[in-house]
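J.: Sharing a model that was predicted from the sequence below.
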Amino acid sequence: MRQSFAIVLLLAAIFFTDCKGKKLVDKQELASREWILSEFKKGDTIQVLPAEKLTILFTDTNTVYGMAGCNRFMGRYELSKEKGFTLDPGGMTMMACPDLGFEDMYVKALSGAQYASINGDQLIIEGNDGKVVLIYKPYTQEIGVAMDEHGCNAAAGYMWSEVKGDCIRIFEEGIRMDSQIDKNATSSAFLLFSPDSLQVELFLPEENVQPVLDRRALPKGGYAWNQEDDDTYNVIKVDSTWIISRRGNILYTSGSQVK
């Protein structure tokens, strides 16, 4: 009987820990509230936090939304015994801010997350080497009060789309595009097509507005989405890969780089 009980305890320990022996955070507890960053440690340095409240919200469907300082991000997270805790900030809004240094550092810290634990009322997210630690506390403000001029709930990750004429979560509805200019970029671009595919809206990290491109037939068949101005962005599909280019330079693709 004692031997059987010991085996049960061993199996329970394996189930609740990742491959490196750290206890996995409980998803229900993680997604039970919105969190606000209270401390950011990088090595021996405690970073000075911006005036903006840096909130983060996890859902039970593995999506995550948050404020990075100037821009909001929307992405995904995973919990598994093999990989522990991982977080991909995904797409971001595209506000132009005077100083994006802290935001970039914060997003990279989230991207490098390996572990997450809840100690009392604190959520602790840390990197693999333990040198970067993000500490959060519960955020008491009700979710859903931060509406933009279109009535979109920014706190829950919604933003306005011209081609849809509605508030959308771009991570859920758009086609994610990876930068081919900066391989270390922490934010992605997204394509969002109108229901009839006659227009495509570009959500680009470097733009303050989302360009809307019109569909045009190509002489050799197929379509491209652009504007009459030659200096505009151009969207085309090659085989199964979507490409965003400008002035002949490939900026983003939906897969590996097209040569």
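T.: Nice, thanks for sending it over. Because the structure is predicted, anything quoted here is derived from the model rather than measured.

J.: neighbouring contacts of the one helix or strand Tyr106 maps to?
T.: In this assignment (DSSP states H and E), Tyr106 forms part of helix 101-111. Helix 101-111 has contacts (CB atoms under 8 Å, 6 or more residues apart in numbering) with 37, 40, 42, 47, 50, 54, 68-71, 73, 87-89, 92, 97, 125, 127, 132, 134, 186-187. For every residue, glycine as well, the C-beta is placed using N, CA and C.

J.: filter those to the buried ones?
T.: Buried members of the contacts of helix 101-111, scored by 16 or more other CB atoms under 10 Å, are 37, 40, 47, 50, 54, 68-71, 73, 87-89, 92, 125, 127, 132, 134, 186-187.

J.: Filter those residues down to the ones in helices?
T.: When the buried ones among the contacts of helix 101-111 are checked against helices using DSSP state H, none is located there.

J.: Among the residues you listed, which are located in strands?
T.: Leu37, Phe40, Phe73, Leu87, Asp88, Pro89, Met92, Ile125, Gly127, Val132, Leu134 (DSSP state E).

J.: what pLDDT does the last one get?
T.: According to the predicted model, the pLDDT of Leu134 comes to 95.

J.: where does this protein dip in pLDDT?
T.: 1-23, 94-99, 141-147, 206, 229-230, 255-259 (pLDDT under 70).

J.: tell me the domain boundaries of this structure?
T.: Using automatic domain parsing, the domain parsing of the chain gives 2-138, 164-253.

J.: if we compare these, which one ends up closest to Ala156?
T.: Minimum separation from Ala156 across the domains of the chain (CB to CB) falls at domain 2-138, 6.2 Å.

J.: How far does the closest one sit from its chain's centre?
T.: Centroid displacement of domain 2-138 relative to its chain, using CA atoms, centre = their mean, to the nearest Å, is 13 Å.

J.: how about the helices of the stretch 101-250 of the chain, start to end?
T.: For the stretch 101-250 of the chain, helices defined by DSSP state H, counting those that start in this stretch occupy the ranges 101-111, 170-173.

J.: Mind putting those into CSV with distance to Gly222?
T.: Below are the helices of the stretch 101-250 of the chain laid out as CSV (distance: least, CB to CB, whole Å):
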stretch, distance to Gly222
helix 101-111, 35
helix 170-173, 24
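
J.: and the ones in strands among the buried ones among the contacts of helix 101-111, which two are the farthest apart?
T.: Among these, Met92 and Gly127 lie farthest apart (CB to CB), at 20.3 Å.

J.: which residues touch the closest residue to Val235 other than its chain neighbours?
T.: In space, and not counting its chain neighbours, Val235 is closest to Trp225: 4.1 Å by CB to CB, 6 or more residues apart in numbering. Contact analysis of Trp225 by CB under 8 Å, 6+ apart lists Gln199, Val200, Leu213, Asp214, Arg215, Arg216, Asn234, Val235, Ile236.

J.: Then Gly157?
T.: Leu57, Thr63, Tyr65, Arg72, Met74, Arg169, Phe171.

J.: picking up where we left off before, can you redo the domains of the chain as JSON lines with distance to His150?
T.: Listed next are those as JSON lines, based on distance: least, CB to CB, whole Å:
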{"stretch": "domain 2-138", "distance to His150": "13"}
{"stretch": "domain 164-253", "distance to His150": "7"}
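
J.: In this structure Thr63 contacts Phe171, no?
T.: Yes. Thr63 is within contact range of Phe171, at 6.9 Å (criterion: CB atoms under 8 Å).
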